Each structure stands twice: as structure tokens, then as C-alpha cells.
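**Q** next comes the sequence, and after it the predicted model I'd like to discuss.
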Amino acid sequence: MSNQVSRLISLDAMRGFTIAAMVLVNFPGNENHVFAPLKHTVWNGLTPTDIIAPFFLFIVGVSIALAYTRRLEKGVPMKDMYMKIVTRSLKIFAVGIFLNLLPNFDFSDLRWTGTLPRIAIVFFACSFIFFKTNWKTQAWIGAITLVAYWLAMTLIPTPGLGGVMLEPGQNLAAWIDSKYLPGKMWQGTWDPEGILSTFPSIVSGITGMLAGAIMLNNREKEIKVIHLMVIGFFMIIAGYVWGLTFPVNENIWTSSFVFVTSGIAFMALGTYYFLVDMQGHTQGTKPGIIFGANAITVYVLADVFALVFYIMEIGGQGINMHFFDLATGLGMAPKLASMIYALLFVCVNFVPAYVLYKKKIFIKL
């Protein structure tokens, strides 16, 4: 395997647009008025919003394969890389906890899980897996993990419920969280980013590393695209077939969910790579590149800005609700008003991202 990929514009843009999408769906003008595609599925099923988090974990995996392959070829000492992995993981986790503490910093009501803590764990686990194994072993680790999770969730009776359950708050993952997950849980009695579901989420990162291995091999670029597209297509089909016995579900990060979302990510990367890096269609990629250059920083700023906008009252309301009421008062449909606010909020976050990019400031947690 040789490093034929110095820098993928397609991957940078894909990362940035994923973060922008994350901001878009996280901060609507009014949470009670949101178009269905911009909401998470209540339980089983899949919406475009459900794809965003696994996309980011997939991109984390691709980035690990590309970045650490380059560093290995440059002869960077393993001790230094291990230290940076541990340090970066702790920083990302700590920032996630900081956001969970906002605005009251009430440690008695702290949620120890969330988007950034899960990214930190996946990054940490996948990085060490990458250094200790080759792509074939990584594929086996991913497959065994998903099968083991499937069997555990569908064969082990949920304690106290008299049988196997796969309902909200009534399943093995929720029971384990209720016993061993400290602090506050997102849904009160269960958490979509809990202990057991973290294992298949690591596999989402592993699938990204496998895609990275394809990008790094010695085959022609056209062959790489074909491999990405074909693998992605069959993963989606396999995922939905698997979903007949273990439904596609983001809340418990089912094995079928990993297959379907990673399959879509494979095909998205293949499409981006073909259009941007091979065909040179870079127009329209700049916003994604700018967001992607400081992706986690943008995610953190979005949370902070949202809090500030909530506190900054106009007419006794936060800025989001004031905008929503003003827009709907002028005759705009509620869901459209909510989405337009979300789009404007994305633009607000683009401003600091653009400033950092122009000044060549890249904040690496």
C-alpha cells in the first residue's frame, strides 16, 4: 500500500458539509415545527438527519487511515503518535462535557455522553486498532462486533421484562445504561449514546478506515471509485436485509444501521471523489472546506451561539423564537420559518469559520 492521496478536497468538503448539516438540524427556529427530513426518527427507520452522526464517524475513520499512513511514512515515532491520540481524545471528550454543563455547570445533573464524547471514544479506539492491525483484521473486528451486538440484543432477555425487548428504554442497552452509566441520561431512563451502543458506533469508524484503505491502494482512481460505490451499494442492501430481524435504528445504533449508513457514506465518498478530485468540479466545495477546516470548533461555537441567542431576549423571547414569531406573523409557514432560521444560524457560524480559515488558524483539539 502506498500513499497516493496527499490531500482529498472531497473528504475535506464532505467533513465540512456534514458539520453544517449537524448545525442545521440541531438548531431550528422552533423545535415543535420542523420538516420531517430534518428530524431524527422517533425509533425504527431512517431520515437524512439520522445519517449525519454516522457520516462524521465514518469520516473520522477515513481521516485516521490517511493521516496516520502519511505520518508512518514520514517516520514519526509511535510514542509521539500514541501520546497525541490520547491527548486529543481527552480534549474532545472534555469539551463535550463542558458543553453538557452549559449554562448552569450543575455537576449533579451532568450527562457524561453525547456527540463529542462518542467521537472521542471512536477516534481513540479506531486509532489504536489502525496501528495494531491491517485492513483485513479491521474488517473482521467490525464484522464480529456487529454480529455479537446483534446476537446480544436479540437473544439475551432484558432483565426485569421477561424476554427480549427492542423498544425505547426497554432493551438490553437501556438496561445496561440504567445500571452502569453514571449521571443524567438524554431520555431520562435511557441514552442513545450509551455504553453498549458505543461498540457498533466504533464500527462506523472502522468502515471509514476500510474506505481509507481503498483510497490508499495502488489501483487506478477509477477502480477506487468503483470499489467505493459497489461496496456501498451492497452494504445498503445487506443492511436493510439485516434490518428485517434487527431494525435500522439510530437510537440503539443497530448493526443494520451501521451497514446502511456506512454504505451511504461509501457511495457519498465515491461520488465526491469522482466529481471533485478526479473531474475537478470544485465549485461549491469551498463552504464545506471552510467548515471542515475547523469542524469541531464550529460544532462547539454553534452550541455557544445557540445559548447566547437564547439568553439575548428581544421582546421577552430568545432570538430564535422572536424570529419565528415574526416570520409566522408575516404569513410564513411555521416549518419554513423554523428552517430558514436554522439556515441563517448556519451562516452565522460560517463567519468565524471563514475568519479562522482566512487567517490559516486550524484549531486541532
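**A** Cool, the structure landed. Numbering: from 1, shown residues only.

**Q** residues touching the residue positioned nearest the centre of the chain, list them.
**A** Geometric centre of the chain, nearest residue: A53, 2.5 Å, by CA atoms, centre = their mean. Contact partners of A53, counting by CB atoms under 8 Å, 6 or more residues apart in numbering, are 22, 115, 118, 250. The C-beta positions use only the backbone N, C-alpha and C, and glycine is treated the same way.

**Q** the third one is in what secondary structure piece?
**A** Looking back up the chat, that one is R118. helix 115-132 (DSSP states H and E).

**Q** pull the residues that contact that helix.
**A** Contacts of helix 115-132 (CB under 8 Å, 6+ apart): 22, 53, 56-57, 60-61, 64-65, 68, 78, 81-82, 85-86, 88-93, 95-97, 99, 138, 141, 193, 198, 201-202, 204-206, 208-209, 296, 299.

**Q** out of the residues you listed, which end up buried?
**A** Buried members of the contacts of helix 115-132, counted by 16 or more other CB atoms under 10 Å: 22, 53, 56-57, 60-61, 64-65, 68, 81, 85, 88-89, 92-93, 95-97, 99, 138, 141, 193, 198, 201-202, 204-206, 208-209, 296, 299.

**Q** filter these down to just the ones in helices.
**A** Judged by DSSP state H, helices contain the following of the buried ones among the contacts of helix 115-132: 22, 53, 56-57, 60-61, 64-65, 68, 81, 85, 88-89, 92-93, 95-97, 99, 138, 141, 198, 201-202, 204-206, 208-209, 296, 299.

**Q** what residues are up against D303?
**A** D303 sits next to 99, 102 when contact means CB under 8 Å, 6+ apart.

**Q** among the contacts of A53, who's most crowded?
**A** R118 (26 neighbours; other CB atoms under 10 Å).

**Q** tell me the pLDDT of that residue.
**A** pLDDT recorded at R118 is 97.

**Q** roughly how far does it sit from L365?
**A** According to CB to CB, to the nearest Å, R118 stands 14 Å off from L365.

**Q** got it, and N217?
**A** For N217, the distance to L365 equals 30 Å [CB to CB].

**Q** these two: which has the busier surroundings?
**A** Of the pair N217 and L365, L365 is the one with more neighbours under other CB under 10 Å, namely 20 against 16.

**Q** skip the chain neighbours and tell me the closest residue to that one.
**A** K91 (4.3 Å; CB to CB, 6 or more residues apart in numbering).

**Q** just checking, the one you found touches V300?
**A** No - using CB atoms under 8 Å as the test, K91 is too far from V300 to be in contact (11.2 Å).

**Q** quick one: the strands in the stretch 101-250 of the chain, in order.
**A** For the stretch 101-250 of the chain, the strands defined by DSSP state E, counting those that start in this stretch occupy 166-167, 170-171.

**Q** what's the most buried one of these?
**A** Most buried of these by mean neighbour count (mean count of other CB atoms under 10 Å) is strand 170-171; its value is a mean of 19.

**Q** centre of the chain to it, how far?
**A** Relative to its chain's centre, strand 170-171 lies at 24 Å (CA atoms, centre = their mean, to the nearest Å).

**Q** cool, stretch 129-149 as well?
**A** With CA atoms, centre = their mean, you get 19 Å for stretch 129-149.

**Q** mind saving the C-alpha coords of that stretch as PDB?
**A** Written as PDB, here are the backbone C-alpha positions of stretch 129-149 (Å, rounded to 0.1, in the frame of the first residue of the first chain):
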ATOM      1  CA  ILE A 129      -7.000  -0.500  16.000                       C
ATOM      2  CA  PHE A 130      -5.400   1.100  12.900                       C
ATOM      3  CA  PHE A 131      -1.900   0.900  14.300                       C
ATOM      4  CA  LYS A 132      -2.200  -2.700  15.600                       C
ATOM      5  CA  THR A 133      -4.000  -4.300  12.600                       C
ATOM      6  CA  ASN A 134      -4.200  -4.400   8.900                       C
ATOM      7  CA  TRP A 135      -7.400  -3.700   6.900                       C
ATOM      8  CA  LYS A 136      -8.400  -7.400   6.800                       C
ATOM      9  CA  THR A 137      -8.200  -7.700  10.600                       C
ATOM     10  CA  GLN A 138     -10.100  -4.400  10.900                       C
ATOM     11  CA  ALA A 139     -12.900  -5.800   8.700                       C
ATOM     12  CA  TRP A 140     -13.100  -8.900  10.900                       C
ATOM     13  CA  ILE A 141     -13.200  -6.800  14.100                       C
ATOM     14  CA  GLY A 142     -16.000  -4.800  12.700                       C
ATOM     15  CA  ALA A 143     -18.000  -7.900  11.500                       C
ATOM     16  CA  ILE A 144     -17.600  -9.800  14.700                       C
ATOM     17  CA  THR A 145     -18.600  -6.700  16.800                       C
ATOM     18  CA  LEU A 146     -21.700  -6.200  14.800                       C
ATOM     19  CA  VAL A 147     -22.700  -9.900  14.900                       C
ATOM     20  CA  ALA A 148     -22.000 -10.100  18.600                       C
ATOM     21  CA  TYR A 149     -24.100  -6.900  19.200                       C
END
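
**Q** thanks again, I'm all set now.
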